[in-house]
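Chemist: after the sequence you'll find the predicted model.
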Amino acid sequence: MSEEVVCLPVRGIGEVRPGDDLADLLAAAAGLRDGDVLVVTSKVVSKAEGQVRTGSRAELLAGQTDRVVARRGPTTIVRTHHGLVMAGGGIDASNTTPGTAVLLPVDPDGSARALRERLARDGGPNVAVVVTDTSGRAWRNGQTDIAIGVAGLDALHDYAGRVDGYGNPLVVTAPAVADEIAGAADLVKGKLDRRPAAVVRGLAELVLPRGSHGAGAGVLVRDERHDMFGLGAREAVCQAVRGVTDRGFGTAAPGGAVREAMRELGVTPVLSADGDRIDVPLAAGDSPADQRRAGALQARLEALAVAHGWTATDRTGTTDTDISLRFSPVTP
């Protein structure tokens with residue numbers, strides 16, 4: 001790896017309009033060399049591709065939403081059809097004609113590949129292309145640029161199985177290299193200065209050979225089955241109370257974890273030997289108050305099960321005072 005990495009702003013692009021040859025505009029302004037990484041904001045990619053729409057962000061949001069993750073006041077965080085989790089679906093109403101908004105590119109990885117191929121045509125330089133957008137972070141204030149489209153470099157470097165300088169095995173270390181490049185390049189770009197692109201120089205070792213684009217930014221999108229934060233805190237509670245299990249909770253939790261969670265409600269769950277069934281006996285008294293308490297406990301158990309990716313599959317018992325609930329994972 002080079003000891004020096006330089007981020008250079010690309011000036012003089014001007015206003016980009018639908019149908020413009022963005023590759024020509026960038027090539028004329030960027031002074032690209034073999035081994036450079038060209039970082040381009042998704043907004044100018046979308047403008048060139050005709051992804052500008054009339055209407056407000058709120059009016060356009062439904063069409064960009066795969067599902068809602070969380071809502072707080074005027075802010076709606078959604079999972080887009082690309083799999084990106086972003087406030088407002090990544091729709092941007094800045095630096096565009098009043099009354100219009102810019103959507104994300106339909107296929108950001110495809111856009112990056114097309115730019116890379118176009119720039120390399122007729123003996124042009126072999127560069128990697130990173131298409132970026134601004135995104136918030138779940139645990140931190142402020143925003144930073146992330147990579148939503150990548151061509152010509154590996155967006156994620158998996159160090160699992162390697163060892164550090166002390167001999168410790170690396171298990172989950174996987175730098176999101178494309179995101180790191182996107183964040184660094186944004187230091188020299190600027191919304192107010194109309195600099196929608198930057199060149200990152202000094203990372204030639206990361207740039208793939210001509211004709212090899214890599215897996216794209218899609219590898220940075222976490223599969224919903226492994227997403228521990230697929231819903232906002234309030235939304236997760238609401239979904240569990242409603243008994244909705246289809247999206248947002250990830251894969252079903254192990255039976256042992258569900259049993260321990262249920263024990264905290266004061267019941268004695270029995271986990272089957274294969275771990276895919278839990279039976280919970282409920283003893284209720286004869287009085288109306290006892291019956292109400294049993295009903296409330298059953299509702300809490302069912303909500304708790306949903307929150308873990310399980311659901312109530314059966315209720316047995318000969319009387320209202322002799323009840324057994326059975327729970328199973330929604331997905332195997």
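Modeler: Looks like it arrived, so ask away. As the structure is a prediction and not an experimental result, all values here were calculated from the model. Numbers count the residues shown, from 1 in each chain.

Chemist: where do the strands sit along this protein?
Modeler: Ranges of strands within the chain are 6-10, 37-41, 52-54, 65-72, 75-80, 85-87, 100-102, 128-137, 140-151, 197-201, 270-271, 278-283, 310-319, 322-329, based on DSSP state E.

Chemist: make JSON lines out of those and add mean pLDDT, distance to residue 231 and mean neighbour count.
Modeler: C-betas here are computed from N, CA, C, even on glycine. Output for the strands of the chain, formatted as JSON lines (pLDDT from 0 to 100; distance: least, CB to CB, whole Å; neighbours: other CB atoms under 10 Å):
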{"stretch": "strand 6-10", "mean pLDDT": "96", "distance to residue 231": "36", "mean neighbour count": "17"}
{"stretch": "strand 37-41", "mean pLDDT": "98", "distance to residue 231": "29", "mean neighbour count": "27"}
{"stretch": "strand 52-54", "mean pLDDT": "95", "distance to residue 231": "28", "mean neighbour count": "15"}
{"stretch": "strand 65-72", "mean pLDDT": "95", "distance to residue 231": "6", "mean neighbour count": "16"}
{"stretch": "strand 75-80", "mean pLDDT": "95", "distance to residue 231": "10", "mean neighbour count": "19"}
{"stretch": "strand 85-87", "mean pLDDT": "95", "distance to residue 231": "11", "mean neighbour count": "21"}
{"stretch": "strand 100-102", "mean pLDDT": "95", "distance to residue 231": "26", "mean neighbour count": "20"}
{"stretch": "strand 128-137", "mean pLDDT": "95", "distance to residue 231": "16", "mean neighbour count": "23"}
{"stretch": "strand 140-151", "mean pLDDT": "96", "distance to residue 231": "19", "mean neighbour count": "20"}
{"stretch": "strand 197-201", "mean pLDDT": "97", "distance to residue 231": "35", "mean neighbour count": "23"}
{"stretch": "strand 270-271", "mean pLDDT": "94", "distance to residue 231": "26", "mean neighbour count": "16"}
{"stretch": "strand 278-283", "mean pLDDT": "88", "distance to residue 231": "23", "mean neighbour count": "18"}
{"stretch": "strand 310-319", "mean pLDDT": "80", "distance to residue 231": "16", "mean neighbour count": "14"}
{"stretch": "strand 322-329", "mean pLDDT": "88", "distance to residue 231": "18", "mean neighbour count": "18"}
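
Chemist: low-confidence ranges, this protein, go.
Modeler: Across the chain, the ranges flagged by pLDDT under 70 are 1-2, 191-193, 284-285, 317-321, 331-332.

Chemist: need the longest helix for it.
Modeler: helix 288-307 (DSSP state H).

Chemist: same for it, what does it pack against?
Modeler: helix 233-242, helix 255-263, strand 278-283, strand 310-319, strand 322-329 (3 or more CB pairs under 8 Å, 6 or more residues apart in numbering; DSSP states H and E).

Chemist: sheet-wise, list the partners of the last one with their directions.
Modeler: Each strand pairing with strand 322-329, determined using DSSP bridges, is listed with its direction: strand 278-283 (antiparallel), strand 310-319 (antiparallel).

Chemist: with distance to residue 220 added, can I get those in CSV?
Modeler: Output for the strands paired with strand 322-329, formatted as CSV (distance: least, CB to CB, whole Å):
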stretch, distance to residue 220
strand 278-283, 36
strand 310-319, 30
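
Chemist: right, and residue 329 touches residue 275 too?
Modeler: No: with contact defined as CB atoms under 8 Å, residue 329 and residue 275 do not form a contacting pair (9.1 Å).
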